[in-house]
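> This is a predicted model, with the sequence first.
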Amino acid sequence: MMKKGLFMLLSGLLAFSAAKAQEPPKGPEAPVAGQQLVRLSKITVDPARLAGYNAFLQEEIEASLRLEPGVLALYAVAAKEAPGQVTILEIYVDRAAYESHITTPHFRKYKEGTLDMVLSLELVDVVPLMPGLELRQTVGTR
């Protein structure tokens, strides 16, 4: 009886591991409804306007995380040696949540307010290598 239970447990673990180990799809694919949208926004900001840009960005991110349940994460970082090189990790429940996000008043305010501060913008859709990984929240966030 013990061997049978152990066998079933190991079989279940193997099946689970095999499912987790499957490679993410290769090549461009059309987004599927219900599939998370993960993107890197690579932004070059005019160094002389960085303080103003950061104020707009902070207001936009805080409002998005507070008001939009479809926005799972917006995490902005700047290059240590080049603070005008900003990268934002964006994670949305799905493409519809992203489409909704870019129509919100707080996003429009950010976009219009920073238009002349941004020197370049590159949007890179990415595929999570560990899609089931949970993001840990720290004290004082959200």
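Structure's in. What do you need? Residues are numbered from 1 along each chain as shown.
> any weak-confidence spans in this structure?
Applying pLDDT under 70 to the chain flags the ranges 1-34, 138-142.
> residue ranges for the strands of it, please.
37-45, 71-78, 85-92, 118-125 (DSSP state E).
> for the last one, packing partners?
Contacting strand 118-125 under the criterion 3 or more C-beta pairs under 8 Å, 6 or more residues apart in numbering; DSSP states H and E are the following elements: strand 37-45. The way it works is simple: take the backbone N, C-alpha and C, and place the C-beta from them, glycine included.
> next one: the strand it packs on to chain centre, how far?
Relative to its parent chain, strand 37-45 has a centroid offset of 9 Å by C-alpha atoms, centre = their mean, to the nearest Å.
> same deal with stretch 73-90?
With C-alpha atoms, centre = their mean, you get 12 Å for stretch 73-90.
> Dump the strands of the chain to TSV, plus mean neighbour count and distance to residue 104.
Shown next, in TSV, are the strands of the chain (neighbours: other C-beta atoms under 10 Å; distance: least, C-beta to C-beta, whole Å):
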stretch	mean neighbour count	distance to residue 104
strand 37-45	17	16
strand 71-78	16	9
strand 85-92	19	12
strand 118-125	12	17
